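Asks: compute the structure for the input listed below.
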Amino acid sequence: MANLNSVHLMGNLTRDPEVRHTPKGTAVCDISLAINRILPPEQEGGERREEVTYVDVTLWGKTAENAGQYLAKGRNVFVDGRLALETWEDKPSGQKRSRLKVVAESVQFLGSKPARGQAEAPAESKPANHKRQAPAPAAQESKPARDPDLDAEPEDIPF
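Replies: Here you go, the predicted model:
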């Protein structure tokens with residue numbers, strides 16, 4: 001029988017990301033998402049109800065570093081990952097405890113640009129030591145190369 005362990009979540013961060021490093025130097029970041037669901041009114045004329053689910057998510061490597069650098073409480077994100085069962089023994093009571101959490105494979109930063117004073121997320125991951133080049137003057141700008149398989153100019157495609 002085939003198995004599938006895949007989770008897709010979209011929600012808002014409930015706190016600032018917490019980044020730490022393993023002894024070998026790999027970045028690990030824990031975030032918590034609040035995911036809202038609007039429920040229909042129970043009866044005619046009733047009020048709309050909202051249900052909130054809180055989910056803990058762990059990020060690893062470069063994804064963890066980017067989250068720690070660019071995300072903050074309240075930011076909207078999309079997480080693609082998998083469920084993982086975490087088990088431990090509670091020291092005061094000696095009971096075995098467990099919980100399900102999400103281990104992220106990828107995270108997309110959503111919503112508007114960060115407020116003034118926050119760092120802006122990169123369009124794509126680049127090495128930290130890259131140098132920003134000044135944009136070319138308008139007179140020297142060239143159109144993107146045209147794909148011969150397209151009937152329209154790339155700028156005319158609506159997506």
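Asks: quick one: the helices in this protein?
Replies: Secondary structure of the chain by DSSP state H: the helices cover 61-70.
Asks: show me where it has strands.
Replies: Remark: strands assigned in the chain by DSSP state E are 7-13, 18-21, 27-39, 49-60, 76-89, 96-109.
Asks: now the fifth one against strand 96-109, angle please.
Replies: What it means is strand 76-89. Comparing the axes of strand 76-89 and strand 96-109 via axes from the mean of the first three to the mean of the last three CA atoms, to 10 degrees yields an angle of 160 degrees.
Asks: list of residues touching strand 76-89?
Replies: Contact partners of strand 76-89, identified using CB atoms under 8 Å, 6 or more residues apart in numbering, comprise 5-13, 31, 33, 57-58, 71, 95-111. C-beta coordinates here come from the backbone N, C-alpha and C atoms, glycine included.
Asks: tell me the angle that strand makes with helix 61-70.
Replies: Angle between the axes of strand 76-89 and helix 61-70 is 120 degrees (criterion: the same axes, to 10 degrees).
Asks: tell me which residues in strand 76-89 are buried?
Replies: 77, 79, 81 (16 or more other CB atoms under 10 Å).
Asks: same check on stretch 29-42?
Replies: Across stretch 29-42, burial judged by 16+ other CB under 10 Å covers 29-33.
Asks: of all those, which comes closest to residue 90?
Replies: When these are compared for distance to residue 90 (CB to CB), residue 30 comes out closest, at 19.3 Å.
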